[in-house]
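# Need a 3D model of the sequence below.
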Amino acid sequence: MSNFQALRGWPAESRADVRWQKELTALLQDSLKDSKQAEERIAGDGAHPVHIGADSIEELLGPVWRADLTGFQRRDIAKLLSMRHGANFSVPGAGKTRVALADFQAKRHSGEVRRMLVIAPKSAHGSWEEESKVCFEQPLSIHTVDGRTLDPLADIVLVNYERLPISHVALSKWLGAEPSMLVLDEAHRMKRGSAGVYGTICLALAPLARHRLALTGTPAPNGVKDLQNLFNFVWPGQGGRTVEQATANRTLSEASGILKPFFCRTTKHELGLPPVNAQVVRVPLSGLHQQIYTAIRGDQGLRAAGRGEEDELERYGRVAMYLIMAATTPGLLSTGKAKYDPLPYDLPPLPVPQNKSLAQLMQNLPRYEDSPKYREACRIVNANATRGRKTIVWSTFVRSLTTLERMLWDFAPAVVHGGTPKRDEDITRFRNDPDCMVLLSNPATLGEGISLHHVSHEAVYVDRDFNAGRFLQSLDRIHRLGLPPDTETNIKVLVAENTIDEAIEERLAGKLRFMGAVLDDPGVEQLADLEDAPAAPAGLERSDLDSLLRHLREDPSG
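Sure thing, here's the model as predicted:
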């Protein structure tokens, strides 16, 4: 459709032979209509085609809606209803799912749409189902795609991004069969646009929907191009090109200012959340653990980076990952019999054998010394359980999770990682089972799309990497909208002394100060990606290299 205007140059007799398919004509008319609206909004002409007042939202939702809405949610809903398509860039925890359901219900109540397709990470599906129960007198009929056949009577169809390639045809038919709304949750997943698989399919589905909505707290992880790709979905065809032309060769701040009429946003400050009590718990290393870490950190670490053909970030990212493992326990550097084997800790520790090489000691270290980080995590979980408070324990490494699962067995731990077969069951057990006092997970698996703030206000980080966004996403699991003002939320970060943990602590502190200011900026001047890890291991970015190199080169003896 990008070249349909070329028809104007055809000879008149040729144009007379053109027969437009009914569906294609409708798509073309929609594209032209969207383009005109986009141009008007960017130019400031016509402002809002329809003005919706925040105080009229309940009336527009109809009698089936029962959930409470905050003032900023009403404001955001009103803005979305005043335009045909839009985006919600509110921070994580602001209730974007509820706002989207209200937007859908208002359009359904007015007869504009009959059903909705939601493309969302698998981890977010439970949130849509739970919010539906809270928001409607009678929960909507929700079908989760697990094959190629879709329920034709479903009010909402949920599909994850990974299933898009095999479900594309069925989703296209379902969208086109009835007036539908299409929602992208965590829409930054398609930030590559037509250069990525997810983006290509989302862009292909977009014109089939009567209304489109993009949801993400991180709309511009890599700059203006990401914003352009999102708005190519929201306003496909000519509308998307209008956005591209208006934001080309501009800074992210300038582009977001131009696009402000197209999106709503609630900042972290507006949520009015009670403060977080964050504490760094310093853990000393000693004995074999300290010896092994020092050996890996020194010449061996620099040699491991090497020169080679790999990218510099890739090489040093790998070294950083080795050091993060070694700071927790060098046992993580050895391979078990199976991928997720827990480390063979024997308590009490066995006597250290003599005449063993460092490599042999590293292989069997857990048999001689337990990890001080694991020991401290267990102490914190025990103390919290004594107070009747459930704890989430975060670690990057699955073997840490399976090891802690065994060490915390008395607290009926729930475990969720990429290889967990019964993920939803474990999350439900953590929420509802009074004996389950600890959830063990990693930010890559549980860092987005799930709310645990009603059952847990305690978190322990056994380790962290350089990715500030992933840390913030995991933090948002227990610090989100809906917390009573007197809620006590405690975060404890375990830092092994004289290790890479201290370099990461320094770098994250700087990043979080910057991101905190950014996330409270209502202009969305700049947003780092809170979901996607950088390509390099350990979340290493080029700005982190100096800090890592200083740690590798300085004398550990001080």
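# make it CA atoms for all contacts and neighbour counts henceforth
Noted.
# Following the chain past the lowest-mean-pLDDT helix or strand in the chain, name the next helix or strand.
Every helix and strand of the chain was ranked by mean pLDDT, DSSP states H and E. The lowest is helix 299-305, at a mean of 60. Note on helix 299-305: by DSSP states H and E, the next helix or strand toward the C-terminus is helix 312-328.
# So V280, which state does it fall into?
Recorded secondary structure, V280: strand (DSSP: H, G, I helix; E, B strand; the rest coil).
# Show the low-confidence segments of the stretch 401-550 of the chain, by residue range.
Applying pLDDT under 70 to the stretch 401-550 of the chain flags residues 447-449, 512-535.
# at 90 instead, please
417-424, 443-454, 466-485, 507-545, 549 (pLDDT under 90).
# can you count the residues close to A120?
22 (other CA atoms under 10 Å).
# who does V438 bridge with?
T391 (DSSP bridges).
# from now on call the first residue 607
Yep, numbering from 607; the last one is V1044 now.
# Going by residue numbers, what spans are strands in the protein?
692-694, 721-725, 748-750, 762-765, 786-791, 817-821, 869-870, 882-889, 996-1000, 1020-1022, 1044-1047, 1062-1067, 1095-1102 (DSSP state E).
# Now distance to H1085 too, for those, in CSV please.
Output for the strands of the chain, formatted as CSV (distance: least, CA to CA, whole Å):
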stretch, distance to H1085
strand 692-694, 20
strand 721-725, 25
strand 748-750, 27
strand 762-765, 26
strand 786-791, 20
strand 817-821, 19
strand 869-870, 22
strand 882-889, 8
strand 996-1000, 12
strand 1020-1022, 19
strand 1044-1047, 16
strand 1062-1067, 8
strand 1095-1102, 7
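# Could you dump those strands into a markdown table with distance to D661 and mean neighbour count added?
Formatted as a markdown table, the strands of the chain follow (distance: least, CA to CA, whole Å; neighbours: other CA atoms under 10 Å):
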| stretch | distance to D661 | mean neighbour count |
| --- | --- | --- |
| strand 692-694 | 19 | 26 |
| strand 721-725 | 25 | 24 |
| strand 748-750 | 29 | 18 |
| strand 762-765 | 27 | 23 |
| strand 786-791 | 24 | 26 |
| strand 817-821 | 22 | 25 |
| strand 869-870 | 17 | 21 |
| strand 882-889 | 32 | 14 |
| strand 996-1000 | 39 | 26 |
| strand 1020-1022 | 42 | 23 |
| strand 1044-1047 | 41 | 26 |
| strand 1062-1067 | 34 | 24 |
| strand 1095-1102 | 33 | 20 |
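# Would you tell me which of the ones you listed gets closest to G659?
Minimum separation from G659 across these (CA to CA) falls at strand 869-870, 14.4 Å.
# The closest one - contacts with which helices or strands?
On a contact count with 3 or more CA pairs under 8 Å, 6 or more residues apart in numbering; DSSP states H and E, strand 869-870 meets helix 677-687, strand 692-694.
# Partner strands of it, with direction?
strand 692-694 (parallel).
# next one: the partner strand to chain centre, how far?
17 Å (CA atoms, centre = their mean, to the nearest Å).
# With stretch 789-804 instead?
The mean C-alpha position of stretch 789-804 is separated from the chain mean by 13 Å, CA atoms, centre = their mean.
# before we move on, the earlier item: most tightly packed of the helices and strands packed on strand 869-870?
Among the helices and strands packed on strand 869-870, the stretch with the highest mean neighbour count (mean count of other CA atoms under 10 Å) is strand 692-694, at a mean of 26.
# where's stretch 669-684 relative to the chain centroid, distance-wise?
That offset, for stretch 669-684, works out to 24 Å (CA atoms, centre = their mean).
# can you tell me the distance between the two ends of it?
This stretch, stretch 669-684, spans 18 Å end to end (CA to CA, to the nearest Å).
# before we move on, what about stretch 761-772?
Stretch 761-772 end-to-end distance (CA to CA) = 22 Å.
# what's that stretch in contact with?
By CA atoms under 8 Å, 6 or more residues apart in numbering, the residues outside stretch 761-772 that reach it are 720-728, 731, 746-751, 754, 756-757, 795, 803-804, 807.
# low-scoring pLDDT stretches of the stretch 857-1006 of the chain, where are they?
Those would be 857-869, 871-882, 884, 892-925, 928, 936-976, if you go by pLDDT under 90 across the stretch 857-1006 of the chain.
# Could you rerun that using 80?
857-865, 874-875, 904-917, 940-975 (pLDDT under 80).
# OK, contacts around A901?
A901 touches nothing, counting by CA under 8 Å, 6+ apart.
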